[in-house]
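Asker: Just the structure for this:
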Amino acid sequence: MQEKINRVAPGILLSASVAVIAMFLSSLIPGDIIGATVMALLVGMALNPLFSKYEQFNKGVSFTGKMILRLGIILMGVNMNFAEVLDVGKYSLFVMIFTMGTAFGAGNLVGKLFGMNWKLTNLLSVSTAICGGSAVAAVGPVIKAKDEDVAYAISSTFIFDVLTVVVIPWIGMALGMSNMGYGLWVGTAVNDTSSVVAAGYAFSEFAGNTAVIVKLTRTLFIIPYVLIFSFITERIEAKTVSGQVHKPVNIKKIFPYFIIMFLVVVLFRSTGIIPETIVPGLSKSSKFFMVMALSAIGLKTSYSDIKNIGYKPMILGFIVDTLVVFVSIGIQVATGRF
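Answerer: Modelled structure (predicted):
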């Protein structure tokens, strides 16, 4: 046990150090334009040439990118309350059906036209459909995506989110949107949580509160998508060389048990088993673990890996994100909730 700890400790400490640096740098940028998770990814990638040559960090960095990530996702449940989700969900769920359908439908169609691999295509789609980098980080290990694909998907999401944070509040004001309508729009169309907060509260406090709750409702969809992609990945890997015969899918093997723990935390938060006094601390811990995990992913990814992927995935991401923005507001106009 002690030997195992000694093997992973250097990489964990390195990831934690990068996370602290990233959170500090992110705090220096006004408006939360670059969230700590994105900053961690960028800083980690910048340090990759320096630390990748030292093997003593490898096991701990890999451990952080997988296990610490799961711990962060589990604790993310303290930010959610089933009562709030159900209250706003009755307005937002209908819109989400169309935005998620657009993200995956258009994403996979354009991905096929571009000849992209299915893993990167769906990482970009899940990023837009659910919750940006957190969704990518959760689904990536399940489909066994390459670290550079995960990094690319998160980077693509970040670039689009920077544009939406600046542009969307002005569009909402120009169109004379209601606080509820604008909150639903931002909550269903903007990706990363920090960007939703920035864009939502730039309009009004009510719009910001609505946008955040809608965004958290979207986050719950991590659960079915992780299960679906677990099944798809296992199905693909179970094919024989001929590609015709399938082995039975091992549900125990593919089931992401950390998602159950995530639901348990949401339940405990909703029923008051988790005291309100410790919620802020658990929430900060969740964020720090997520930042640590993205630091680790960055440390395992070089800029040359990203460059080699090419420009097509970036175009796909922009197409899907733009379509979702228009579909979201279009559905609201059609249903009279604008």
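Asker: Show me how far stretch 292-311 is from its chain's centre.
Answerer: Distance of stretch 292-311 from the chain centroid (C-alpha atoms, centre = their mean, to the nearest Å) equals 16 Å.
Asker: mind checking the end-to-end distance for that stretch?
Answerer: With C-alpha to C-alpha, to the nearest Å applied, stretch 292-311 spans 28 Å between its terminal residues.
Asker: Check stretch 136-150 too.
Answerer: Length of stretch 136-150, first residue to last, C-alpha to C-alpha: 6 Å.
Asker: Buried by neighbour count: which residues of it qualify?
Answerer: 136-143, 145-150 (16 or more other C-beta atoms under 10 Å). Glycine gets a C-beta too; all of them are placed from N, C-alpha and C.
Asker: Likewise for stretch 178-189?
Answerer: Result for stretch 178-189 [16+ other C-beta under 10 Å]: buried residues 179-189.
Asker: out of those residues, which one sits closest to residue 216?
Answerer: Of all the buried residues of stretch 178-189, residue 216 sits closest to residue 187, with 8.6 Å by C-beta to C-beta.
Asker: which residues sit against the strand or helix carrying the closest one?
Answerer: Element membership for residue 187, per DSSP states H and E: helix 179-189. Applying C-beta atoms under 8 Å, 6 or more residues apart in numbering, the external contacts of helix 179-189 come out as 91-92, 95-96, 99, 164, 168, 172, 177, 196, 199-200, 203-204, 206-215, 217-218, 324-325, 328-329, 332, 337-338.
Asker: Of these, select the buried ones using a PyMOL command.
Answerer: Remark: buried members of the contacts of helix 179-189, expressed as a PyMOL selection using 16+ other C-beta under 10 Å:
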select buried, resi 91+92+95+96+99+164+168+172+177+196+199+200+203+204+207+208+209+210+211+212+213+214+215+217+218+324+325+328+329+332+337+338
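Asker: Can you tell me which of the buried residues of stretch 136-150 comes closest to residue 52?
Answerer: Among the buried residues of stretch 136-150, and counting by C-beta to C-beta, the member closest to residue 52 is residue 147, at 11.3 Å.
Asker: quick one: contacts for that closest one?
Answerer: Counting by C-beta under 8 Å, 6+ apart, residue 147 touches 65, 297, 300-301, 305.
Asker: run the last query once more with 7 Å
Answerer: By C-beta atoms under 7 Å, 6 or more residues apart in numbering, the residues touching residue 147 are 297, 300-301.
Asker: same question, residue 236
Answerer: By C-beta under 7 Å, 6+ apart, residue 236 has no neighbours at all.
Asker: Let me know whether my guess that it is in a strand holds.
Answerer: No. Assigned with DSSP: H, G, I helix; E, B strand; the rest coil, residue 236 falls outside any strand and is helix.
Asker: and the gap between it and residue 118?
Answerer: Counting by C-beta to C-beta, to the nearest Å, the separation of residue 236 from residue 118 is 9 Å.
Asker: By average pLDDT, which secondary structure element in the protein comes out worst?
Answerer: The helix or strand of the chain with the lowest confidence, counting by mean pLDDT, DSSP states H and E, is helix 251-254 at a mean of 55.
Asker: Can I get the following helix or strand past that helix as PDB, trimmed to CA atoms?
Answerer: Sequence-wise, the next helix or strand downstream of helix 251-254 (DSSP H and E) is helix 257-271. Extracted in PDB, the C-alpha atoms of helix 257-271 (Å, rounded to 0.1, in the frame of the first residue of the first chain):
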ATOM      1  CA  TYR A 257     -20.500   3.200 -10.500                       C
ATOM      2  CA  PHE A 258     -19.300   6.700  -9.700                       C
ATOM      3  CA  ILE A 259     -22.400   8.000 -11.300                       C
ATOM      4  CA  ILE A 260     -24.500   6.200  -8.700                       C
ATOM      5  CA  MET A 261     -22.400   8.000  -6.000                       C
ATOM      6  CA  PHE A 262     -23.100  11.300  -7.800                       C
ATOM      7  CA  LEU A 263     -26.900  10.600  -7.600                       C
ATOM      8  CA  VAL A 264     -26.600   9.700  -3.900                       C
ATOM      9  CA  VAL A 265     -24.900  13.000  -3.200                       C
ATOM     10  CA  VAL A 266     -27.600  14.900  -5.000                       C
ATOM     11  CA  LEU A 267     -30.200  12.900  -3.000                       C
ATOM     12  CA  PHE A 268     -28.500  13.700   0.300                       C
ATOM     13  CA  ARG A 269     -28.200  17.400  -0.700                       C
ATOM     14  CA  SER A 270     -31.900  17.500  -1.600                       C
ATOM     15  CA  THR A 271     -33.200  15.800   1.600                       C
END
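Asker: So for helix 257-271, what gets flagged as buried?
Answerer: By neighbour count with 16+ other C-beta under 10 Å, helix 257-271 contains the buried residues 258-259, 261-262, 265-266, 269-270.
Asker: quick check, nearest of the contacts of residue 147 to residue 112?
Answerer: residue 301 (25.5 Å).
Asker: who's in contact with the closest one?
Answerer: 45, 48, 147-148, 151.
Asker: what about 6 Å?
Answerer: Residues near residue 301 by C-beta atoms under 6 Å, 6 or more residues apart in numbering: 45, 147-148, 151.
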